[in-house]
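Enquirer: need coordinates for the below:
(chains A and B)
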Number of protein chains: 2
Amino acid sequence: MLKVHHLVQSQSQRIVWLCEELEIPYDLVIHGRDPVTNLPAGDLKAVHPLGLAPIIEDGVLVLSESGAIVEYLLDRHDQECLRPSPDHPDRAEFLHWFHFANANLQSGFGRVMFFDRAGVPRDNPVHAMLRARLAASLEYMDVRLAGVPYLAGETFTAADIMTAVTLATMRAHFAVNLSPYGGIRAWLHRNAARPAYRRALERGDSGFEPVLD
Amino acid sequence: MLKVHHLVQSQSQRIVWLCEELEIPYDLVIHGRDPVTNLPAGDLKAVHPLGLAPIIEDGVLVLSESGAIVEYLLDRHDQECLRPSPDHPDRAEFLHWFHFANANLQSGFGRVMFFDRAGVPRDNPVHAMLRARLAASLEYMDVRLAGVPYLAGETFTAADIMTAVTLATMRAHFAVNLSPYGGIRAWLHRNAARPAYRRALERGDSGFEPVLD
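Expert: Okay, here's the model as predicted:
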């Protein structure tokens, strides 16, 4: 049986959600956070040397990196076309947004969060530039989502899972206002209404309310 | 004819290198940097709304995000098995390192670089924590590369292209010492000796010497 290591309110929600979408049977191991520091309470290094959630165990394989785990599971269980194949008309858009999730959006959020945590004044020019870049990324997403219901096009894909968790879950740790971005907010609500997403939250993050507005 | 927009000494070297490895014919558009600020001199937003290199144009398609472009080109031209297929024994390791490149290594380097640029003292606890995380990532890579010649295993793949450019090119903008990491350094030299890499440098970054030690 697939084992999924999940750190509450983290990127690893992507894996729990994907398992629920594809109805993959899995054992869930929930790792909590220290109530004061918000850091992982246990030692994930006992599971994988990087010590970062998510991690899966599948037989002898121990695999980390959310993008890699998503692709590994899609290799085996993608009966829903959550990763359009190379000949699919949405393939290029899918690839773009799937990689955008970590390479641009998640890392952009992370930089602003760490600058704030380090106490860098918001008028520091580098801090201001990083916030402007993040705003440009959100504006770019918003334009896309004003025209199509999901990032890759007409249908829900793993690119939505990758990005929506950053915005609906990780944003609880940040302070970024999405009120200017009606397209993103409508899409977040569309994703959050999916039964698989509700089941994933109930199982892995009971009591947590996603940040949709 | 495929058109590749390349910003000198940047992540977009990944695309030039991949085209050379797979012998894909391409037109190269080289974008320079401002000699004082080191920022892109021209306006890449005229090509793609995100304004970030790399960008490719293939017929009517305009695509950005290095990971997405690599996958798009592999979909069409991967006669060298640079992306092991789902049934290949190296598949899981390939996926792990391919995603690690941007989600962990490149973003980890970027955070430290921006903290330095913003003038955050190196003894700031968040700055120290981010440097410790980057060191842990390098240590983790080094352990892997002490045991296998390439990240996915016995053969060179696109995961090596993604990570080696971060370490051999982007590191010119940072100040990270790789002397403790003999496995990484030997692997960087192995990659840099590839004829396709030398051709890519000559064509896109003439005069630039990669940082291998």
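
Enquirer: next secondary structure after the longest helix anywhere in chain A?
Expert: For chain A, the helix with the greatest residue count under DSSP state H is helix A:125-147. Moving toward the C-terminus from helix A:125-147, the next helix or strand (DSSP states H and E) is helix A:158-168.

Enquirer: assumed residue A:28 was part of a strand.
Expert: Yes - per DSSP: H, G, I helix; E, B strand; the rest coil, residue A:28 lies within a strand segment.

Enquirer: that one pairs with what?
Expert: Note on residue A:28: beta-bridge partners by DSSP bridges are residue A:4.

Enquirer: how about it, what does it touch?
Expert: A:4, A:6, A:16, A:203-204 (Cβ atoms under 8 Å, 6 or more residues apart in numbering or on different chains). Glycine gets a C-beta too; all of them are placed from N, C-alpha and C.

Enquirer: let's see it at 10 Å
Expert: Counting by Cβ atoms under 10 Å, 6 or more residues apart in numbering or on different chains, residue A:28 touches A:2-6, A:12, A:15-16, A:19, A:200, A:203-204.

Enquirer: turn those residues into a markdown table, including secondary structure, pLDDT and neighbour count.
Expert: Below are the contacts of residue A:28 laid out as a markdown table (DSSP: H, G, I helix; E, B strand; the rest coil; pLDDT from 0 to 100; neighbours: other Cβ atoms under 10 Å in any protein chain shown):
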| residue | secondary structure | pLDDT | neighbour count |
| --- | --- | --- | --- |
| A:2 | strand | 98 | 18 |
| A:3 | strand | 98 | 15 |
| A:4 | strand | 98 | 25 |
| A:5 | strand | 98 | 23 |
| A:6 | strand | 97 | 25 |
| A:12 | coil | 97 | 29 |
| A:15 | helix | 98 | 29 |
| A:16 | helix | 98 | 25 |
| A:19 | helix | 98 | 23 |
| A:200 | helix | 98 | 24 |
| A:203 | helix | 98 | 17 |
| A:204 | helix | 97 | 23 |
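
Enquirer: domain assignment for chain A?
Expert: Listed by automatic domain parsing, the domain ranges of chain A are A:2-82+A:197-204, A:91-194.

Enquirer: now those domains in CSV, with distance to residue B:99?
Expert: Shown next, in CSV, are the domains of chain A (distance: least, Cβ to Cβ, whole Å):
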stretch, distance to residue B:99
domain A:2-82+A:197-204, 4
domain A:91-194, 7
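
Enquirer: got a list of what the residue sitting nearest the centre point of chain A touches?
Expert: Nearest residue to the geometric centre of chain A (Cα atoms, centre = their mean): residue A:165, 3.3 Å. Applying Cβ under 10 Å, 6+ apart, we find residue A:165 in contact with A:9-17, A:66, A:101, A:106, A:171, A:191, A:197, A:200, A:210.

Enquirer: identify, from the contacts of residue A:28, the entry nearest to residue A:46.
Expert: Proximity of the contacts of residue A:28 to residue A:46 was ranked by Cβ to Cβ; the top entry is residue A:5 with 10.2 Å.

Enquirer: unless I'm mixing things up, that closest one is touching residue A:31, no?
Expert: Yes - using Cβ atoms under 10 Å, residue A:5 is in contact with residue A:31, at 6.4 Å.
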